[in-house]
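> Provided below for reference: sequence and predicted model.
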Amino acid sequence: MEEKIILLVEDNADDVLLTERALKKSHILNKVVVAKDGVEALDYLFGQGNWAGRDLNIMPQVVLLDLKLPKIDGLEVLTRVRADSRTKLLSVVILTSSKEEIDLVNGYSLGANSYIRKPVNFNDFAEAVRQLGLYWLVLNEKPPCDTKNLLDKTKGSDC
């Protein structure tokens, strides 16, 4: 059975720790790969930089993406993910503290699957993460890796 990896793209170490604690509290024991900025996230997804040679057939089940990131912000990460045939169907959940309506609109416009504002209270945050895990790791079905082949019936797998 394929391991369901969570890619957590978050530059705030406290939020990384809170997310990992909330996942454990909810008995979500999936492997969590942490990218501390947009460059690290893209490197992981496309097998570049420190992630060169990574098996690109194994993609995360879900990407939890903060917006306010150093180097490359979350919206640019989302833009690049959606522009590449290898990652365009990845489940991307924006998990941010931003209360800016324009971020919400831009996130969905660029192809986010969901947009969640991080609750300030830990118990509320833990509950939000539990529900995220239940939906994205248990209930949601990921598209097959040979989606391109299924759509155009001309070539083999892209993943």
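Right, received. Where do you want to start? Since the structure is predicted, the reported quantities are computational estimates derived from the model, not experimental observations. Numbering: from 1, shown residues only.
> any weak-confidence spans in the chain?
Along the chain, segments meeting pLDDT under 70 span 1-2, 139, 144-159.
> tell me where it has helices.
13-25, 38-46, 74-83, 101-109, 122-133, 147-152 (DSSP state H).
> for those helices, which one sits closest to Asn140?
Nearest of those to Asn140, taken as C-beta to C-beta: helix 122-133 at 10.2 Å. Using the backbone N, CA and C atoms, a C-beta is placed for each residue, glycine as well.
> and the closest one, what's buried?
By neighbour count with 16 or more other C-beta atoms under 10 Å, helix 122-133 contains the buried residues Phe125, Ala126, Ala128, Val129, Arg130, Leu132, Gly133.
> which residue is the nearest non-sequential neighbour of the last one?
Closest residue in space to Gly133, ignoring its immediate chain neighbours: Ile28 at 4.0 Å, by C-beta to C-beta, 6 or more residues apart in numbering.
> same deal with the second one?
Spatial nearest neighbour of Ala126, excluding adjacent residues (C-beta to C-beta, 6+ apart): Ala22 at 4.0 Å.
> distance-wise, check the one you found relative to Gln131.
Counting by C-beta to C-beta, to the nearest Å, the gap from Ala22 to Gln131 is 10 Å.
> need the residue closest to the centroid of the protein.
Val63 (0.7 Å; C-alpha atoms, centre = their mean).
> bridging residues for it?
On the basis of DSSP bridges, Val63 is bridged to Leu7, Val92.
> just checking, it touches Gly74?
No: between Val63 and Gly74 there is no contact under C-beta atoms under 8 Å: 9.9 Å.
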